[in-house]
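Colleague: Got a sequence here, can you model it:
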Amino acid sequence: MTVLSEPADTLWRQARRNFRWRLPPRFNIAAAACDVWARRDPHRTAILERLADGTTRRTSYEALREASCRFANVLALSGIGPGDRVAVLLPQSPAVVIAHLAIARLGAMALPLAVLFGPDALSFRLAHSGASAVLLDAGGLEKLRAIKDGLPALQTIFSVDGADGEAIGFDAALAGASPEFSNADTSPDDPAMMIYTSGTTGQPKGAVHGHRVVPAHVPGLRFAHPGLGRPDDLMWTPADWAWAGGLLNVLLPSLMLGVPVLAWAQRFQPEEAMAGIATLGVRNAFLPPTALRMLQAAHRPGQRYANGLRSIMSAGETLGPETFAWAREAFGLTVNELYGQTECNLVLGSCDALGVSRAGAIGKAVPGHTVAVLDADGRVCAADELGEIAVKAPDPVMFLHYWQDEAATAAKFRNGYLLTGDQARRDEDGYVHFVGRGDDIITSAGYRIGPGEIEDCLMRHPAVAYAAVIGKKDALRTEIVKAFIVVKPGIAADDALTSALQGFVRARLSAHEYPREIAYVASLPLTSSGKIIRRDLRTLG
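Modeller: Sure, this is the predicted structure:
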C-alpha cells in the first residue's frame, strides 16, 4: 500500500482555511493597544526602556493610559481635533507611544517622522501633510528652526526636553492636564495615521491608514512569531518606530497583544546589540536584513549566539539565501522573512513552524491575505514567470488613500488588486521569490535582471561588507550591471579585487549578471528603514 505524505505546509493551509477577519464596527487604536490591558492588568509592563546609563525603566499600561489621556487633553486645548495631523519626531521612547495613543484618542492623524531625516526631508513631509503640531526633542527642534518659516500650518511645538521659548515642555504640559479623556468614536476605516513612503523612486507619498491597520497587522506578527504572548516575551527591533516596520511590524500590534516592547534608542552596533538582547531578555526580534548582514559581517567563525531569542522576523528588503543560512547556524533559529510595503504590509511571509520556509524566498500568503503574481495584462503568471506582486482588495491592512493624490491612489489599483510595483516569481511549490522593484529591474542585452540576487552573491565574497547593484545606461546593451561595494576593514579596493568579484559573480550566477563596473564607496545611501536608495547611486553614475 502506498502511503501519501502530507505536504510540508499542511498547517499553513489549515490556518488559511480557518482564518476569518473579525473587525468590530467601532474601533480605536488607543482603546485596543492600551485601555483594554490597563483595565485587565494595569501594572503589566508595556514598555521596557533601556536608558543611556545602561539601566532600565518600565512603563505600565495604566501609566500609558493616564499619560496619553493627559496629552490628548493638551492637544485638544491647543486646537487639535479629528483629522488634524500631529507629527512625532522622536527616537524609541515611551513618549512616542504616548503621542500615538493620544492622537488616536482625539481621532486625529499621527505623522511619524524618522529622527534621521534632515531638514529637506522634514520640510517636505511637514508641509505636504499640513501638520499643525509636532512632538520632538532638542535635536529635532534644531532641525525645525531652519525650516519653520516655510511651515505656516505648524502652530504648536512640544519638546520632551522642556520649554525654551519656541516649544512647550511636554512633561509640564502633561502634569497640568486631566488624566481622563473620552476617546473619539472612531470606526476601523477612520484615518489614524499617515506614513510616508520611503521615497526610493521620487518624492514620497503620504499613505493614510485607518484605525484598522493595527489589528490587521496582528496575523502577520503572529505568523512571524509563532506562540507570541508567553509570559516572558519581550519584543525588540532596532528599526525606527517612525518606519512602518518599527511602528506596525512591532510596536502597536505587540502592545495590542499584551507583549511588552523594548525601547532602545541606539545606533545599531552588532556586539552591543547581541549583548543587550541577552541581558535584557529579548525573546522576539524584528531584525531588518541590513541589521542581520551587519551581524553576519561581525560574526566570528563557529560563534553561536546563545541569547534566549525564540523568534526572529526580517523584512524591508530581500534577505538572501546566504544570510538566511548564516542566521540559522548562528542563532539556531530559522528567520521568518516577511514582505509588505507602506501601503499594504505583512501580506507575504515565512513561518517555519507552519511548514513555510525556503532559503531565497519571501514565502507564501499570510493567513487573511490573498496575494498573486500578475503579468502586464493582469493575468496570474505561470510558475517561474516574472510578474508583479499584487494583493487582492479589499484587505484590512491596505491604506485608505494617498494624501491629496487621487490619481496616484487610483493608479495603485487594477482589476481588484493593489499593485505593489515589486517584481517576483512564484515557483512550482507556490513560494514567491522577490526579484526587485519594477524600476530597479535591469534590462541588459535582452535579459531582465533583478539586483537582489547579485547583491546576495557579492555578499558571499569574504572581502565584501555591503553591496548594492543598479543598472547603468549603455548604448550597446541598454544597461549594464554596476555594483557599489563597501569592503571589509583591511581589504584593498583595487583592480585585482574588481576582477575577483566579477569572476565570483560570473561563476556563481551567469555571464550576463556579473557587474561590468564596480565602484568602491565608504557607505551606501539607505532610507530610515534600511533600504538602499538606488536613485542616489544612479546619480553617482
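
Colleague: Quick check: residue 173 is in a helix.
Modeller: Yes: Residue 173: assigned to a helix according to DSSP: H, G, I helix; E, B strand; the rest coil.

Colleague: Grab the nearest non-local neighbour of it.
Modeller: The spatial neighbour of residue 173 that comes closest, neighbours along the chain excluded (Cβ to Cβ, 6 or more residues apart in numbering), is residue 74 at 4.7 Å. Just so you know, the C-beta spots here come from the backbone N, C-alpha and C atoms, and that holds for glycine as well.

Colleague: do you know how far the one you found is from residue 406?
Modeller: To residue 406, residue 74 is 34 Å away according to Cβ to Cβ, to the nearest Å.

Colleague: With neighbour numbers in mind, choose between the two.
Modeller: Per other Cβ atoms under 10 Å, whichever of residue 74 and residue 406 has more neighbours is residue 74, with 22 against 9.

Colleague: That one reaches residue 178, doesn't it?
Modeller: No: with contacts counted by Cβ atoms under 8 Å, residue 74 stays clear of residue 178, the gap being 9.6 Å.

Colleague: show me where the stretch 401-541 of the chain has helices.
Modeller: For the stretch 401-541 of the chain, the helices defined by DSSP state H, counting those that start in this stretch cover 406-411, 451-459, 495-508, 534-539.

Colleague: Identify whichever of those helices lies nearest to residue 424.
Modeller: Among the helices of the stretch 401-541 of the chain, helix 451-459 comes nearest to residue 424, with 10.2 Å by Cβ to Cβ.

Colleague: and the angle for that closest one with helix 495-508?
Modeller: Relative orientation of helix 451-459 versus helix 495-508 (axes from the mean of the first three to the mean of the last three Cα atoms, to 10 degrees): 120 degrees.

Colleague: The residue nearest the centre of the chain and residue 226: what is the separation?
Modeller: With distances taken as Cα atoms, centre = their mean, residue 245 lies nearest the centre of the chain, 2.1 Å away. Using Cβ to Cβ, residue 245 is found at 19 Å from residue 226.

Colleague: Could you do residue 495 as well?
Modeller: From residue 495 across to residue 226, the span is 49 Å (Cβ to Cβ).

Colleague: More neighbours: which of these two?
Modeller: Higher neighbour count among residue 495 and residue 226: residue 226, with 14 against 9, using other Cβ under 10 Å.

Colleague: what secondary structure does the more buried one sit in?
Modeller: Strictly by three-state DSSP, residue 226 counts as coil.

Colleague: what's it in contact with, if anything?
Modeller: Contacts for residue 226 (Cβ atoms under 8 Å, 6 or more residues apart in numbering) come out as 311, 351, 353-354.

Colleague: Same question for residue 42.
Modeller: For residue 42, the contacting residues are 60-62, by Cβ under 8 Å, 6+ apart.

Colleague: now swap in residue 314 and tell me
Modeller: So residue 314 contacts 286-289, 292, 335-338 (Cβ under 8 Å, 6+ apart).

Colleague: Provide a list of residue ranges in this structure with pLDDT below threshold.
Modeller: Within the chain, the stretches with pLDDT under 70 are 1-5, 198-202, 306, 445-448, 528-529, 541.
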